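Q: here is a sequence together with a model predicted from it:
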Amino acid sequence: MDQSLIAYFEKYLSPFLLPNNWKLKSTLLIGIITVLLASPRIHMMNEYIHSDSGLWTVIMRKSSDLTDPLKDIPAASHAAKKKLRLTVPAIAKVMHTGPWGIYLIQFILGFFSIFFFLSIIDRITANRLYSFLFAASFAFIFAGKCAFVDIAGHLDAWPFFFALLAIFTRFRLIQLISLFAVIWSDERGYILAAITCISLFVIENYGNEQASKPHKLNFGSLIPALSIPFAIALRIYLTGNYDLGTNYMDPANEVGSELLFNQIEQRFFISALMQFEGFWILFFATLVILYKQRLFFPAILFAGFLFVNTMSSFVVGDITRSGSYGFPLIFISALIITKLRPGAMWMIISLVFLVCFIIPPFQFLGENISYYSPFPLYHIYFFRQFMPF
């Protein structure tokens, strides 16, 4: 049955896996399928843009004045938290573009993110079919599709893109700048930047390209981590001199231990599931393989990363978005399984792909659930006005 399933996938995907431009063709196919399965609600874009206290309003204000402290916006509002999320406003300022321009660029970056993910996984597995299924599974979860569906101005696609660029490129300066952009996109960027640096270190030291070389740790892969202390120092300076600080522990923000325990009690399993969907199979398989190989210290480290990333997502209301910032753990998992149990990879990635494909595109925002409809169902909204009844 296992071999027949492999043959089935290879039969229908072979036109996209031929040597010539296979990554480009696969990226386009995966991106188009993702948009068809979870169509962005473009008809609501202007509603978000013209909201007086909405996220797009704040983004545009910050693009015209990066040091605007947003004093007139309620401190507990989501929009007020964008005081120091400067990456996209700075890009909008340089490119002289507005919300629609930002979204168009973000949409394009979604395809680049899939391409980068596909390329990184291909370096790890050296298998085109595995790489395709990994990238498609990534595009089906929030981290992969948010570039297409986010029309509200949350802008998570930007730090995800820069994190993938940092792992994809070989140039240290680009890695450093990319992680700096990650950190200034969102406060959760510190977590993403740290996990990205760890992923870089693991991939560059233990990836397939190192197999034929003498084993000598390359600590140069940790150079991009310098972006983290530099960003912290600059953040302290801007907070102290331009009043750009945000009190996240203010009770009005509903952030902290009380929200953590309430959300764990009410929606832990379903919320955690929606962060990575089928990739939880990959993560648990990694832990089992490490345990069976008696690699207890790596197993504890990996479990610790998973635990911290998952639990920290419940400290805030936007659980799915927050947990998705740990997506580079996918690369570490794939590398561990490729090295220790390559024969198990086919069954694991097949299950990951099927689960990610089957689970509908839900997103948890506190007590609210957001759902993105497939393209045909989404357009029923427009055809209703022509119905005679």
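A: Here it is on my side, so go on.

Q: what helix or strand is residue 244 on?
A: Under the criterion DSSP states H and E, no helix or strand holds residue 244.

Q: please report how far it lies from residue 71.
A: 11 Å (CB to CB, to the nearest Å). The way it works is simple: take the backbone N, C-alpha and C, and place the C-beta from them, glycine included.

Q: and residue 15, by the same measure?
A: Taking CB to CB, one finds residue 15 at 57 Å from residue 71.

Q: just residue 19 next, same as before
A: Counting by CB to CB - residue 19 and residue 71 are separated by 58 Å.

Q: looking at these two, which has the bigger crowd around it?
A: residue 71 (9 against 6; other CB atoms under 10 Å).

Q: OK, contacts around residue 179?
A: Residues near residue 179 by CB atoms under 8 Å, 6 or more residues apart in numbering: 162, 163, 166, 193, 196, 197, 224, 225, 227, 228.

Q: show me what contacts the residue lying closest to the fifth one once chain neighbours are set aside?
A: Right, the one you point to is residue 196. Closest residue to residue 196 apart from its sequence neighbours, by CB to CB, 6 or more residues apart in numbering: residue 163 at 4.7 Å. The contact partners of residue 163, by CB under 8 Å, 6+ apart, come to 178, 179, 182, 192, 193, 196, 327, 328.

Q: now the residues you listed in a markdown table, with pLDDT, distance to residue 298 and secondary structure?
A: Below are those laid out as a markdown table (pLDDT from 0 to 100; distance: CB to CB, whole Å; DSSP: H, G, I helix; E, B strand; the rest coil):
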| residue | pLDDT | distance to residue 298 | secondary structure |
| --- | --- | --- | --- |
| 178 | 97 | 26 | helix |
| 179 | 96 | 23 | helix |
| 182 | 97 | 25 | helix |
| 192 | 95 | 21 | helix |
| 193 | 96 | 21 | helix |
| 196 | 96 | 18 | helix |
| 327 | 96 | 19 | coil |
| 328 | 96 | 16 | coil |
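
Q: can you tell me which of the residues you listed is closest to residue 153?
A: residue 182 (17.8 Å; CB to CB).

Q: pretty sure the closest one is touching residue 189, no?
A: Yes: using CB atoms under 8 Å, residue 182 makes contact with residue 189 at a distance of 4.4 Å.

Q: ok, which stretches of the stretch 251-389 of the chain are helices?
A: Under the criterion DSSP state H, counting those that start in this stretch, the stretch 251-389 of the chain contains helices at 257-276, 279-292, 296-313, 319-323, 329-340, 345-358, 375-378, 380-383.

Q: just those helices: most buried one?
A: Highest mean neighbour count of the helices of the stretch 251-389 of the chain: helix 319-323, a mean of 24 (counted as mean count of other CB atoms under 10 Å).

Q: how about residues contacting it?
A: If you take CB under 8 Å, 6+ apart as the criterion, helix 319-323 is touched by 142, 146, 154, 156, 188, 263, 267, 271-272, 274-276, 309-310, 312-313, 315-316, 362-366.

Q: which SS state does residue 77 fall under?
A: Here residue 77 is coil, with the state taken from DSSP: H, G, I helix; E, B strand; the rest coil.

Q: just the pLDDT at it, thanks.
A: Note on residue 77: pLDDT of 76.

Q: what about the nearest residue to residue 179 once chain neighbours are set aside, distance to residue 181?
A: Of all residues not flanking residue 179 in the chain, residue 227 sits nearest, at 4.2 Å (CB to CB, 6+ apart). As judged by CB to CB, residue 227 and residue 181 stand 9 Å apart.

Q: and for residue 369?
A: 30 Å.

Q: likewise for residue 90?
A: 9 Å.

Q: who has more neighbours out of those two?
A: residue 181 (25 against 14).

Q: so the more buried one makes contact with residue 159?
A: Yes: counting by CB under 8 Å, residue 181 touches residue 159, with 7.3 Å between them.

Q: and for the two, which residues touch both?
A: With CB under 8 Å, 6+ apart as the test, residue 181 and residue 159 both reach residue 87.

Q: closest to residue 52 out of the contacts of residue 163?
A: residue 182 (29.6 Å).

Q: how close does that closest one sit to residue 42?
A: 27 Å.
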